[in-house]
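**Q** The following block contains a protein sequence and its predicted model.
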Amino acid sequence: MIRFFASHPTAANIVMVAIVALGLASLSGLNKETFPAIERNTFTITAAYPGASTADVEEAICTRLEDATDGISFTDEQSCEARDNVGVLTLKMQEGGDIKQFEDDIKSAVDEISDFPAEVEDAVVTKQGRTDPVVDVAVTSENLTASELKALAEHYRKHLVAIPSVPIVDVKGFSTHQLNVLINPETMLQYRLSIQTVANLIQSQAVDLPAGTVESVDKSYQIRFSNARNTAEELADLVILNTDKGGEIRLGDIARIEDRFDLAEERIEFNGARAAILQVSKNTTDDTLKVFAAVKAFVDEENAILPDSTQMILSNDRATIVNDRLQLLLENGWQGLLLAGLVLLLFFSWRYTFWIILGLPVSFLGGLAMMSLFGVSINMISMIALLMAIGILMDDAIVLSESISHEYEKSRDPLEAVVTGTKRVIRGVFSSFLTTALLFGSLLMMKGDIGQVMGVLPVVLLSVLTISLIEAFLVLPNHLRHALEHAHNKQLPRWRVLFEGAFLKLRNAVTRLGAGAIRFRYATVGIAIGLLIISIGMIVTGQLKFKAFPSLEGNVLEARILLAQGSPLEKTEAVVERLVKSLEKTRDEFADANDQSLVKNVKVSYNKNADSSESGTHIATISVDFLETEFRNTSLREFTPRWRENTGDIPIVINLQFKEPATGPAGRAIDIRLIGE
C-alpha cells in the first residue's frame, strides 16, 4: 500500500484533500467553551414554605422529601437543607445508573407526597449542570428609580432572548416588587377603617378580569374589567370611601404609598451605583464565543443610543478566557511551524521542508473532524491536547523524512528511497503511537467529574495522532518523492556543505559522550537512580506541591463576606465600604506596574455568598473585574494578599474569603460535614 500511494500522486492528494475538507466542514460545528461539558448526576428538589422557620421547614418539607426518596435505586448521596422559607433536597446518582430513569423516579416520588402543609408551594425538580455562565451585563442609570431600572432591564432581557444565539438571560438584583400602603392609626380611627377593610377594598377594586361576552346579530364582544393598579399613582387614585352626595375619599388622601421591593438587601451596586444585572448563560450545546459576540454587539448598539446617564457594561466575562487560550494555541501553532521549518531548512531543501510542515495542519484538521464526530468541543483540555500533539507530530514527521533522506543518499532513486525509508521506520513510529495510546488512554478509566474532564485529552490527542499516521504513511511519502525528484542531481549550496560538516563534528562529539556513558555504565545508572530519589524526595518532603486540578489565572476576584445572622444591613454596608476603600488603596499601590487601570469594574451583591447557603442582610460579595491577563503585569496572587493586609481585621466579620470564582470540576479543597442527632 505504501508503494501504491508513493507512486500515485492522485490517490495521495485525494486522501489529503478529503481530510482537509472534512476538517474545514467541521469547524463551524465545534463549540468553544471553558471546560468540557460535565454530565452532572445531581438533582435538587426545592419546595417553598413562606413564613416558615428552619425547624418548621425541616419537619414539614425535609422529612417528607427524605422519606419519599429513600427507596430510589442508584442513589449515591441524599441530603436536605432547611432554610428560612424553603427546603432543598439534593440527590446524587451513582455512576452507571440511568440518568433519565433516576429523574423519573424522583419526580414520581415527589408527586406521591400528599401530606405537605397547605402553605407549601409545589416542589420543583431541577437537574444541576445544564447551564454555564457566559457574561453579565450591568445596567446602571443616574436618573431612574429602582422600579424603572428593573423595567428597563426586563425590556433588554426580552430583546436579548429574541436573538437566536442568546439562549438564557436572567435579571438579577431585585426582590419581589411591592406597592406598600402605609396608613396612620389615627386616620383609620377617624374613618372607622381597619387594615383588613382597606386591603379588601383594594383587592375588590384593583382588578383585571374577564367578564364574559356580549352577543350581537353578527358579532360577539368580550367584556373585561381593566382596573389594575400597577403604579403608586394609580393606586393612590383608588376610591376608598364615598357618600350619597358624591363625596369621595381616595387612598392617597389617607395613606402614603411606597413603590419598593420586598427585601432591601436584595440589590446589586455596580461601580457605586444601583444596577440591574442581566446574567447571560448558555446550554451545554451552545458556543460560548458566539453567545458572547451576540451580547457584545447588542450592548454596543444600545450604548450608542442611550443617554450619558444610562449605560450598559459587560462584566464577569467568561468568554475572554476561552478566546485567550484559543489565540495561544494558534500562536503556538504558527510559531512552532516557523521554528521547525527554519531548523529543517538547515538539513533539507525548501520543497522537502514544505511537505513535512504541511502534515501538521492537515493532521490538525483531520483531528478536528474526529472531535466533531465524538462530540468534543474546543476547550481548555482539548487545546492542551492539541498543543501536546504539535511536538509529537513533528517528531514522527522528522523521523520519517530523515529515514527517506538517508535512503535517498544511498540509492539516489526517489521512489525506492521513500518506500524503503518509510518501511524502515514504520514499526518504530507505530510503536510510539501505541505507547502514547496506552499511556493517555488510561485517563479514560478515571471516574467522576475529573474523569469526564480528563477523558477529553486522550480522545483529542489520539484523534490527531491517528490522522497523522494516515498522512505520514499514505500522503507524505508521495510528496517527499516529488521533492526529491526536483532536487535530483542538484548541487548543494556552499553554506549547506559547511553546515553539514560542522554538524557532523557535533554528532561525533555526542557519540563519544554516549560511548563514555556506556563505558562507565555503573556511574550512569547511579546518577539516574540518584535523580529518581531526588524527584521522589521533592514530593515526599512537600517541595513539589500536589494539586488535583490546576488553577487558571482569571480576570475576576471576589471578596465573600459573612457576618453573624441577624446583623443589620447597615453593618454589612459598612464592611463593604471598608473593603472597597482598601481595594482602591491596593489598586493605587500597583498602578506604577501597569500601563492601564488594573481594576475595571467593582460589583457589590448583597444577600449573596457562594460559600454560604444562608440568605439575609448579613452576607455580601464584592466582585472585581481586572484587566485582562495579557495586558496586566500584576497577578491576582500578588494582589490578593495586599488587599487582605490593607483591609485589616474586622471583628464583626465571621468569615471573609478572597478568592476567584471556581472554574472547572475541582471544587473546595476541604469540605467538612458534622453529622449527628
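**A** Alright, I've got the coordinates. Numbering: from 1, shown residues only.

**Q** which residues of the stretch 401-550 of the chain score low on pLDDT?
**A** Applying pLDDT under 70 to the stretch 401-550 of the chain flags the ranges 487-490, 547-550.

**Q** ranges for the helices of it?
**A** 414-441, 448-454, 456-470, 476-486, 494-519, 521-540 (DSSP state H, counting those that start in this stretch).

**Q** Can you tell me which of these is nearest to Gln205?
**A** Among these, the nearest to Gln205 by CB to CB is helix 448-454 (55.9 Å). From N, CA and C alone the C-beta is placed, and that goes for glycine too.

**Q** Export only the CA atoms of the closest one, formatted as CSV.
**A** Output in CSV follows, covering the C-alpha atoms of helix 448-454 (Å, rounded to 0.1, in the frame of the first residue of the first chain):
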residue,chain,number,x,y,z
GLY,A,448,-16.3,11.2,38.5
ASP,A,449,-16.2,14.8,37.2
ILE,A,450,-12.4,14.8,36.9
GLY,A,451,-12.7,11.7,34.8
GLN,A,452,-15.1,13.3,32.4
VAL,A,453,-12.8,16.3,32.1
MET,A,454,-9.5,14.5,31.7
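
**Q** buried ones in it?
**A** Asp449, Ile450, Gln452, Val453, Met454 (16 or more other CB atoms under 10 Å).

**Q** mind checking how far it is from the chain centre?
**A** How far helix 448-454 lies from its chain's middle: 15 Å, per CA atoms, centre = their mean, to the nearest Å.

**Q** got it, and stretch 351-360?
**A** With CA atoms, centre = their mean, you get 37 Å for stretch 351-360.

**Q** residues in contact with it?
**A** Identification of contacts with stretch 351-360 by CB atoms under 8 Å, 6 or more residues apart in numbering yields 333, 336-337, 340-341, 344-345, 348, 390, 393-394, 397-398, 401, 405, 468, 471-472, 475-476, 479-480, 482-484, 486-487.

**Q** rewinding a little: tabulate the helices of the stretch 401-550 of the chain (JSON lines), appending distance to Asn633.
**A** Below are the helices of the stretch 401-550 of the chain laid out as JSON lines (distance: least, CB to CB, whole Å):
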{"stretch": "helix 414-441", "distance to Asn633": "36"}
{"stretch": "helix 448-454", "distance to Asn633": "31"}
{"stretch": "helix 456-470", "distance to Asn633": "31"}
{"stretch": "helix 476-486", "distance to Asn633": "44"}
{"stretch": "helix 494-519", "distance to Asn633": "40"}
{"stretch": "helix 521-540", "distance to Asn633": "30"}
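
**Q** Which of those sits closest to Asn85?
**A** When those are compared by CB to CB, helix 448-454 sits nearest Asn85, at 31.0 Å.

**Q** contacting residues for the nearest residue to Leu444 once chain neighbours are set aside?
**A** Leaving aside its chain neighbours, Leu444 sits nearest to Gly455 (5.2 Å; criterion: CB to CB, 6 or more residues apart in numbering). Applying CB under 8 Å, 6+ apart to Gly455 gives the contacts Leu443, Leu444, Met446.

**Q** Same check on Ile539?
**A** Phe546.

**Q** Look up how far Leu346 lies from Trp495.
**A** Applying CB to CB, to the nearest Å, the value for Trp495 to Leu346 is 9 Å.

**Q** repeat for Pro477
**A** 22 Å.

**Q** For these two, indicate the residue with more neighbours.
**A** Pro477 (28 against 12; other CB atoms under 10 Å).

**Q** The more buried one reaches Thr420, doesn't it?
**A** No: Pro477 lies out of contact with Thr420 (CB atoms under 8 Å); the separation is 10.4 Å.

**Q** give me phi/psi at Tyr191?
**A** phi -100, psi 10 (degrees, to the nearest 10).

**Q** OK, contacts around it?
**A** So Tyr191 contacts Leu241, Ile249, Ile254 (CB under 8 Å, 6+ apart).

**Q** taking those one by one, which sit in helices?
**A** Mapping these onto helices (DSSP state H) picks out Ile254.

**Q** could the contacts of Tyr191 go into TSV alongside distance to Lys32, pLDDT and neighbour count?
**A** As requested, the contacts of Tyr191 are exported to TSV (distance: CB to CB, whole Å; pLDDT from 0 to 100; neighbours: other CB atoms under 10 Å):
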residue	distance to Lys32	pLDDT	neighbour count
Leu241	65	81	15
Ile249	64	84	14
Ile254	61	84	18
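
**Q** ok, the contacts of Tyr191 vs Ile183, which is closest?
**A** Using CB to CB, Ile254 is the member of the contacts of Tyr191 that lies nearest Ile183, at 6.1 Å.

**Q** From Arg521, how far off is the closest one?
**A** Taking CB to CB, one finds Ile254 at 104 Å from Arg521.

**Q** And for Lys600?
**A** For Lys600, the distance to Arg521 (CB to CB) stands at 61 Å.

**Q** between the two, who's got more neighbours?
**A** Using other CB under 10 Å, the more surrounded residue of Lys600 and Arg521 is Lys600, with 17 against 9.

**Q** Now that one: closest residue in space, sequence neighbours ignored.
**A** Asp625 (4.4 Å).

**Q** Shouldn't the one you found be within a strand?
**A** Yes: using DSSP: H, G, I helix; E, B strand; the rest coil, the assignment for Asp625 is a strand.

**Q** Now do it: how many residues are near it, please.
**A** Asp625 - counted by other CB under 10 Å - has 21 other residues nearby.

**Q** ok, back up a step: let me know which of the helices of the stretch 401-550 of the chain is the nearest to Gly366.
**A** helix 456-470 (3.2 Å).

**Q** How far off centre is that closest one?
**A** Put simply, helix 456-470 sits 25 Å off its chain's centre (CA atoms, centre = their mean).

**Q** Would you mind putting the CA coordinates of that helix into CSV?
**A** Taking Å, rounded to 0.1, in the frame of the first residue of the first chain, the C-alpha atoms of helix 456-470 are listed here in CSV:
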residue,chain,number,x,y,z
VAL,A,456,-11.2,14.6,26.6
LEU,A,457,-7.4,14.7,26.4
PRO,A,458,-6.8,11.2,25.1
VAL,A,459,-9.7,11.4,22.7
VAL,A,460,-8.4,14.6,21.1
LEU,A,461,-4.7,13.5,21.2
LEU,A,462,-5.3,10.1,19.7
SER,A,463,-7.7,11.5,17.1
VAL,A,464,-4.9,13.9,15.8
LEU,A,465,-2.2,11.2,16.0
THR,A,466,-4.4,8.7,14.1
ILE,A,467,-4.9,11.1,11.3
SER,A,468,-1.2,11.9,11.4
LEU,A,469,-0.3,8.2,10.8
ILE,A,470,-2.6,8.1,7.8
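
**Q** Report all helices and strands that it contacts.
**A** Contacts defined by 3 or more CB pairs under 8 Å, 6 or more residues apart in numbering; DSSP states H and E place helix 456-470 against helix 9-27, helix 350-374, helix 380-411, helix 414-441.

**Q** The ones you listed: which one's closest to Arg632?
**A** Minimum separation from Arg632 across the helices and strands packed on helix 456-470 (CB to CB) falls at helix 380-411, 20.3 Å.

**Q** Next, the buried residues of the closest one.
**A** 380-390, 392-394, 396-405, 407-408.

**Q** Verify the assumption that Asp286 is located in a helix.
**A** No: per three-state DSSP, Asp286 lies outside any helix segment and is coil.

**Q** how about the nearest residue to it once chain neighbours are set aside, what does it touch?
**A** Counting by CB to CB, 6+ apart, Asp286 lies nearest to Pro167, which is 5.6 Å off, once chain neighbours are set aside. Pro167 makes contact with Val161, Ser281, Lys282, Asn283, Asp286, Val291 under the criterion CB under 8 Å, 6+ apart.
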